[in-house]
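Enquirer: sequence first, then the predicted structure:
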Protein chains: 2
Amino acid sequence: MPNERLVEADLASHYGVNRAHIRTALAMLDQEGLVVREKNRGARVRAITDAEAIEIAETRLAIEAMVARQAAARVTEADRKTLRAIEADMRRAVKDADDLAFSRCNGALHREIHRIADNATASRILATLRSHLVRLQYRVILLPGRPQSSLAEHRAIVEALCARDGDAAEAAMRKHLTNFVSLLKQAIEAARHGGF
Amino acid sequence: MPNERLVEADLASHYGVNRAHIRTALAMLDQEGLVVREKNRGARVRAITDAEAIEIAETRLAIEAMVARQAAARVTEADRKTLRAIEADMRRAVKDADDLAFSRCNGALHREIHRIADNATASRILATLRSHLVRLQYRVILLPGRPQSSLAEHRAIVEALCARDGDAAEAAMRKHLTNFVSLLKQAIEAARHGGF
DNA sequence: ACCGACAAAATTGTCAACAATTTGGATAAC
DNA sequence: GTTATCCAAATTGTTGACAATTTTGTCGGT
């Protein structure tokens, strides 16, 4: 949980390793921005601010748009089948109103696009950004009507990728994530006024 | 130097700290991607491949284009003066054919844009990407006629920013860094054939 | 009851020693 | 002369102890 204190000795005994391991792990998480460390005061889970959440989502947008373009140029016949299979799973999840399955398909589709794009640098950065957003993502998914519109956006992305149309893929991804950003802003604003 | 072995004891005595510090530092550099560590075999400076260099430059392009747009929306009168001052310094450096000064102005301008955009997430990522590119950047700067064309590109960026035109700023930055990417590809190809 | 000083506990920072593993070289067999 | 094997040196991985610092709790005075 945000701001939760991370006591080295506790973590060490919990995971059955010694403090040195925990220490290096915390150093890496610090570098990654997931925890903050203060001298002699230990590590805490970093609480990202609302403004920061939006920054992260926008940065993600910029990179994923590029990745979508790159992926479009590399799609093979086998990739088309995989993409369409994920799309079918996603359609089923929406039909069944299964939010968990939808979320899983969502992740699977984005991961598949990364795999096709074969851009390890971008993928690594996106993984980090996602780890920050994951806590906020469920708020957006749960908005009424979101799965339906999200499905339509994803279908446009898959369509463009299968057509190997880089411009269209980038545009579709940009549209999808622009919507995500604006819904995120909305959810944050709602939370700000409606309590929490 | 790439692939150079980083012996913990040596570094510790060199910097006058103990091995534990070096160890955590190496863990962070590993997370950052600047160093690779193999179990029981120590750490080495990571040698980025040609393909990776291009990936990094392209990812940088995507983020900097976004940052330029964000900066344009926030430029103040004071920012305009700073930007124009850096531009003037840059023009002087080109006139004097002072590559070192030009490189310094280049960095200063990009940093100033980041500051104006006020997007800590993007700035942090860009700092990491730059640290990987720094070794390759000089090859591009030294290409004949590069300072002149680079200057023109930078002037377009400054112009768009001062006009608070987000679209133009993003487009100008994208054009600038697209040129950088293609020159980098060129330089890499030349090195591949002409032997280093 | 409230505030401050002080002591005790908890926690992190630092360090050195030892164990495990890899590396380099010498030696012996072919 | 080349290759395989083994030993020694170098290096990293792991552990525990201790020092420094912060946090918590207690006591006494007002």
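Expert: Perfect, I can see it now.
Enquirer: what residues are up against the most centrally placed residue in chain A?
Expert: With distances taken as CA atoms, centre = their mean, the residue of chain A nearest its centroid is A:Arg130 (3.4 Å). Contact analysis of A:Arg130 by CB atoms under 8 Å, 6 or more residues apart in numbering or on different chains lists A:Arg60. From N, CA and C alone the C-beta is placed, and that goes for glycine too.
Enquirer: next one: A:Asp99
Expert: With CB under 8 Å, 6+ apart, A:Asp99 has these contacts: A:Ala93, A:Ile141, A:Leu142, A:Pro147.
Enquirer: how many neighbours does the first one have?
Expert: Translated: A:Ala93. A:Ala93 has 20 neighbours, counted by other CB atoms under 10 Å in any protein chain shown.
Enquirer: give me phi/psi at it?
Expert: A:Ala93 adopts backbone torsions of phi -60, psi -40, taken as degrees, to the nearest 10.
Enquirer: tell me how far it lies from A:Glu64.
Expert: For A:Ala93, the distance to A:Glu64 (CB to CB, to the nearest Å) stands at 21 Å.
Enquirer: please enumerate the strands of chain A.
Expert: A:5-6, A:35-38, A:42-45 (DSSP state E).
Enquirer: mean neighbour count, those: which tops it?
Expert: Neighbour counts (mean count of other CB atoms under 10 Å in any protein chain shown) averaged over each of the strands of chain A peak at strand A:42-45, with a mean of 17.
Enquirer: let me see the mean pLDDT of that one.
Expert: Taken as a whole, strand A:42-45 has an average pLDDT of 95.
Enquirer: how about that strand and DNA strand C, touching?
Expert: Yes: judged by CB under 7 Å from any atom of the strand, strand A:42-45 comes into contact with DNA strand C at A:Gly42, A:Ala43.
Enquirer: is any residue of stretch A:65-81 near chain B?
Expert: Yes: residues of stretch A:65-81 contacting chain B under CB under 8 Å from any CB of the partner chain: A:Ala65, A:Met66, A:Gln70.
Enquirer: phi and psi next, for A:Thr49.
Expert: With angles defined as degrees, to the nearest 10, A:Thr49 sits at phi -80, psi 170.
Enquirer: that one: neighbour count?
Expert: Neighbours of A:Thr49 using other CB under 10 Å come to 10.
Enquirer: try the one 5 residues further on
Expert: Neighbourhood size, A:Ile54 [other CB under 10 Å]: 19.
Enquirer: now do the one 10 residues further on
Expert: Number of residues near A:Glu64 (other CB under 10 Å) recorded here: 26.
Enquirer: so where is chain A shaky, pLDDT-wise?
Expert: Within chain A, the segments meeting pLDDT under 70 span A:195-196.
Enquirer: around DNA strand D, pick out the residues from it.
Expert: Counting by CB under 7 Å from any atom of the strand, the residues of chain A close to DNA strand D are A:Val17, A:Asn18, A:Arg19, A:Ala20, A:His21, A:Asn40, A:Arg41.
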